[in-house]
Each structure stands twice: as structure tokens, then as C-alpha cells.
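**Student:** A structural model of the following input is requested.
(one chain, ligands or ions: 1)
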Amino acid sequence: MGEPISADVLVVGSGASGLAAALSAERAGARVALAAKASLQSCNSAKAQGGIQAAFGADDSPEQHAEDVWRSSHETANMELVRVLTSEAPGTIHWLEGHGVEFTRSNGGYRLARCGGSSRERLLQVGDRTGLAITSALRGAVEASSALTLPKSPLAELGQTRGGWRARCGEHLVEAGAVVLAAGGRCYREAEERGELTTNHPGATGEVTQIALLLGAEARDLDALQYHPNGGAWPETMQGYSIPETTRAYGAVLLNAEREEFTDSLGPRDVVSQAIFDEVEQGRGVESPDGRPAVWLDTTRISPDDAAVSLPYMLRRYRAGGIDPLAEPILTYPVLHYQNGGLTTDEHGETTVEGLFACGEIAGGTHGRNRMMGNSLLECCVFGRRTGKAAAERAKG
Ligand SMILES: Cc1cc2nc3c(=O)[nH]c(=O)nc-3n(C[C@H](O)[C@H](O)[C@H](O)COP(=O)(O)OP(=O)(O)OC[C@H]3O[C@@H](n4cnc5c(N)ncnc54)[C@H](O)[C@@H]3O)c2cc1C
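**Tutor:** So this is what the prediction gives:
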């Protein structure tokens, strides 16, 4: 281990939240170091397909968006954070466009879909690779900035010093005035321990949350893990794949073994997942060819035009596995997907430990105990930007 690296702000994580935080800290004049566990590309953010919410519809508003979050969270979200999330959403979309993200458009405006738990069409998309488009654009901006990137440098130790923080990230020692934890959730590890499938990337193991808790940071709703209602159940190559919720936004419905609808396919995620668990439990599910529990998702109801614009990646992957979702229904079952809760933060991303910040999936409060789809990428960008700026200001005293 050589000389310590000196930075104003150390960002831990290279998903959408870490990249947004690094960019905004750098723009605020901070010397930034960004450490990631593996390559900079390896994160859940890059896997996100469905989209990102923002109130652009003529019948919509940030207040309506906030109301939908409150209801979907079963009235457990921190409304101060929610109001920041929804009021800064449209501006954040324009910020992303400024970095080169091109959202899918139709009829002169954004192509907006209605996602589960939402009362309006509010989901912007980049085809069905929205997360890839956002992370590629932000990563390009970070790499073109003065920020120092440290891939393959997992945070293993973090301690306070007189002037700030000292961190061991892989081979590197980093000294920084403020630290932003943007290391995502823990559903990969949790699924391994439960012997279940997950949509998450292998780096989603949660040790950074443990480091923060040991430093005295408070957390909320850590027990509230979210199942994605529509994990792929068959073919084998699609097991653990999260079938985009936009399939249901564009007309697909859930059916039991009798081919009957048994729930509102566009209900909040936890409600839809529970309805599938119950249907299978009560003997009205179907079995995948390798004996896994499942129900049908009738994707044949999606119009080919909508599918071509909004689901090209999903169609390609299923067709490569020998199933055409526009010609036959597909098998689905809930999979572990998202950590709803996390470290407690204020509206500038500061945890309950001074100088220690958190944003993205590692933070709790914005979604309460049940997140709506499309609000995580939004949270990463809205709070990543705020947190990076606040950390830069804190570091520079
Ligand atoms: C398949 C899939 C589809 C999804 N679709 C959507 C969607 O359509 N819309 C939406 O809003 N949300 C979606 N989500 C959720 C959303 O993508 C994630 O919750 C969000 O992107 C998390 O971003 P993040 O920056 O907090 O963490 P991540 O993107 O997971 O990044 C975490 C980063 O932390 C790093 N890290 C972890 N541990 C350490 C360590 N010890 N030291 C250093 N670095 C570490 C990782 O290497 C990684 O760089 C989806 C998630 C998945 C998995």
C-alpha cells in the first residue's frame, strides 16, 4: 500500500447514485475519488430496464407523483424526501439529457407509460435499457472530469480522523474530508442465503451498510426487501431476469393455471407479488418445466408496435431462448429485487454521522417500505446530485 490518496470527497460505488454524486461534487469544486468494488460498469443501475419516473403528463404534477409514492409506500415514506424527489424529477431528466441521455419520444413529447401503483402515465424510458443509457452517459462524464476513479477497490475499512475520514479501498488508502456511500443494496447476498433467485448483480452484498452501522449511522426499514413481481421462470436462461414492468404497462396481464386474471396487474409491487405467492400457495399456479412455481404473464396482449419501441431487448432475449412473448404467454414468479430501506439521511443525503453521506439504494426513507418502479433511478440521480454537492461543501468547510 503506497502513499494515501488525498481527496475532498470519497464516493464509494459507481452506480447511478455514485456517478451523479461524483459529478456534482466535482462541479462544486471538490477533488473527488470514486472507488468501486469491481469494474465501474458492474452495478444494478446498468441492469435497470423499465424506466424513470417524472411528472411530465398534462394531467400530472409533482404533487400527484408524491401522493402516489405515499400510497404505494403504505404511508411509510419520509414525505420531506419524497417532495424533493418528485419536485426535482423533471429538472433531473433535463440534466440527464444534458449528459446525452436520449429518452424515447412519441407524438412530439416523451413516451410515458403507467407503472404499478401510479395514477398517471409518468414513466420515461430509453427503449428497455434505461439504466444502461443513464450509467453510460454519467460514467462518460465522470471519466472526462478530474475525478480519480478506483475500480476493483472495495471499501473494507472506514474510520474518522481529525480532519475527516480515512478509508481502505482495495490496495488504496484514501483520506477525504467527506465520504459518500453509494454502494447499493444487499439482495444478491440475501438471495444466496435464502437459496432464491435474484435480479441483482453479484456486488450487491451490503457490507458497506454494515460498515456505516458500526460507525453509529442509523438506518430504517432494513428488513423491508422487495420482490420484483415478474422474475423470469422459464426458459432457464431467463431465470432471475426481471421482466420489465412495462410489459404490464403496455397490456400484459397475470393469469393463473385456469387462465383467469387474479389480481390488478398494475397494483403496487408488494401487492402483486403477494397475490402471485397466494395464487400458487392455493394450488392455482403452474409449474415450469424444471419444477419451479410460476403463473402466466400474458404478453400476447402487448401490441407489436409498443413492443418494438419499448421492449426490444426483452423480446430478443426470450426469442433467443426459443419463446416468442408476442405469440405465447410466459412463465413468471417473484424474485428478490430491491432493498427498500437503508441508512437514514436528511434531504442533502447526510446520515446521522456528520460528514458521512449516503444516496441511492443504500439510503432509506424515500420509498418507505415499498418502492414504486422507476423511482430508484430517479432517487439515484436526484439525491446523488444533492449529496455530492453537500459533501463537497462539507469537505471544504
Ligand atoms: C434488473 C434490474 C432492473 C431494474 N429496473 C429498474 C427500473 O427500470 N427503474 C428503476 O428506477 N429502478 C430499477 N431497478 C433498481 C435500480 O436500478 C437500483 O436500485 C439502483 O440503480 C441502485 O443504484 P445505486 O447507485 O444505489 O447502486 P448500484 O447501481 O447497485 O451500484 C452500487 C455500486 O457500489 C459498488 N459497491 C458495492 N459494494 C462496494 C464496496 N464494498 N466497495 C466499493 N464499492 C462497492 C458496486 O460495485 C457498484 O458500483 C432495477 C434493478 C435491477 C437489478
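**Student:** alpha carbons only for contacts and neighbour counts from here, please
**Tutor:** Noted.
**Student:** helices of the stretch 201-350 of the chain, start to end?
**Tutor:** Here the stretch 201-350 of the chain has its helices, by DSSP state H, counting those that start in this stretch, at 207-214, 246-249, 269-281, 304-310, 312-320.
**Student:** out of those, which one sits most buried?
**Tutor:** helix 246-249 (a mean of 23; mean count of other Cα atoms under 10 Å).
**Student:** how far is that one from where the chain is centred?
**Tutor:** Centre-to-centre, helix 246-249 and its host chain are 17 Å apart (Cα atoms, centre = their mean, to the nearest Å).
**Student:** and it, does that touch the ligand?
**Tutor:** No - Helix 246-249 lies out of reach of the ligand by Cα under 6 Å from any ligand atom, never closer than 8.5 Å.
**Student:** what sits up against that helix?
**Tutor:** Helix 246-249 is contacted from outside by 50, 113-116, 265-266, 299, 302, 310-311, using Cα atoms under 8 Å, 6 or more residues apart in numbering.
**Student:** can I get the helices of the stretch 201-350 of the chain in a markdown table with mean pLDDT?
**Tutor:** Shown next, in a markdown table, are those (pLDDT from 0 to 100):
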| stretch | mean pLDDT |
| --- | --- |
| helix 207-214 | 98 |
| helix 246-249 | 91 |
| helix 269-281 | 95 |
| helix 304-310 | 93 |
| helix 312-320 | 95 |
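**Student:** one step back: ok, of the contacts of helix 246-249, which one's closest to the ligand?
**Tutor:** Nearest to the ligand out of the contacts of helix 246-249 is G50 (Cα to the nearest ligand atom; 3.3 Å).
**Student:** give me the number of residues near that closest one?
**Tutor:** 28 (other Cα atoms under 10 Å).
**Student:** same question, N230
**Tutor:** When neighbours are counted by other Cα under 10 Å, N230 registers 28.
**Student:** that one: what's it in contact with?
**Tutor:** Applying Cα under 8 Å, 6+ apart to N230 gives the contacts 242-245, 273, 332-335.
**Student:** what does V272 give?
**Tutor:** Contacts for V272 (Cα under 8 Å, 6+ apart) come out as 229, 263-266.
**Student:** now with 10 Å?
**Tutor:** 116-117, 227-230, 254, 262-266, 278, 334 (Cα atoms under 10 Å, 6 or more residues apart in numbering).
**Student:** now L326
**Tutor:** 252, 298-304, 307, 315, 319 are the contacts of L326 under Cα under 10 Å, 6+ apart.
**Student:** please name the nearest non-neighbouring residue to V82.
**Tutor:** Distances taken as Cα to Cα, 6 or more residues apart in numbering put T366 closest to V82, at 5.5 Å, once the chain neighbours are dropped.
**Student:** tally of neighbours for that neighbour?
**Tutor:** Applying other Cα under 10 Å, I find that T366 has 33 neighbouring residues.
**Student:** surely it meets T76?
**Tutor:** Yes - with contact defined as Cα atoms under 10 Å, T366 counts as touching T76 (9.1 Å).
**Student:** now the closest residue to A48 other than its chain neighbours: how far from G185?
**Tutor:** Excluding its sequence neighbours, the residue lying closest to A48 (Cα to Cα, 6+ apart) is G131, at 4.4 Å. Distance, G131 to G185, using Cα to Cα, to the nearest Å: 16 Å.
**Student:** the more surrounded of these two?
**Tutor:** The residue with more neighbours, out of G131 and G185, is G185; 29 against 24, by other Cα under 10 Å.
**Student:** where does that one land on pLDDT?
**Tutor:** Listed pLDDT for G185 reads 98.
**Student:** what's the distance between it and the ligand?
**Tutor:** According to Cα to the nearest ligand atom, to the nearest Å, G185 stands 6 Å off from the ligand.
**Student:** got it, and C169?
**Tutor:** Counting by Cα to the nearest ligand atom, the gap from C169 to the ligand is 7 Å.
**Student:** now swap in R394 and tell me
**Tutor:** R394 is 21 Å from the ligand, where distance means Cα to the nearest ligand atom.
**Student:** how many other residues sit next to that residue?
**Tutor:** Residues near R394, counting by other Cα under 10 Å, number 19.
**Student:** got any residues that touch both of T366 and T76?
**Tutor:** Residues touching both T366 and T76 by Cα under 10 Å, 6+ apart: 69-70.
**Student:** in the contacts of N230, find the pair that's most separated.
**Tutor:** P244 and S273 (14.2 Å; Cα to Cα).
**Student:** quick one: contacts for the closest residue to E258 other than its chain neighbours?
**Tutor:** Spatial nearest neighbour of E258, excluding adjacent residues (Cα to Cα, 6+ apart): R284 at 7.4 Å. R284 sits next to 255-260, 262, 276, 278, 294-295 when contact means Cα under 10 Å, 6+ apart.
**Student:** between those residues, which is closest to R83?
**Tutor:** Proximity of the contacts of R284 to R83 (Cα to Cα) peaks at I276, which lies at 31.8 Å.
**Student:** the closest one contacts V335, correct?
**Tutor:** No - judged on Cα under 10 Å, I276 makes no contact with V335 at a distance of 11.3 Å.
**Student:** and the stretch 51-200 of the chain, which residues reach the ligand?
**Tutor:** Within the stretch 51-200 of the chain, the positions lying close to the ligand (Cα under 6 Å from any ligand atom) are 51-52, 154-155, 182-184, 199-200.
**Student:** apply 8 Å and report the result again.
**Tutor:** Within the stretch 51-200 of the chain, the positions lying close to the ligand (Cα under 8 Å from any ligand atom) are 51-53, 130-131, 152-156, 169, 182-185, 198-200.
**Student:** which of those residues fall in helices?
**Tutor:** Within those, residues falling in helices by DSSP state H are 130-131.
**Student:** now the buried members of the residues of the stretch 51-200 of the chain next to the ligand.
**Tutor:** 51-53, 130-131, 153-155, 169, 182-185, 198-200 (16 or more other Cα atoms under 10 Å).
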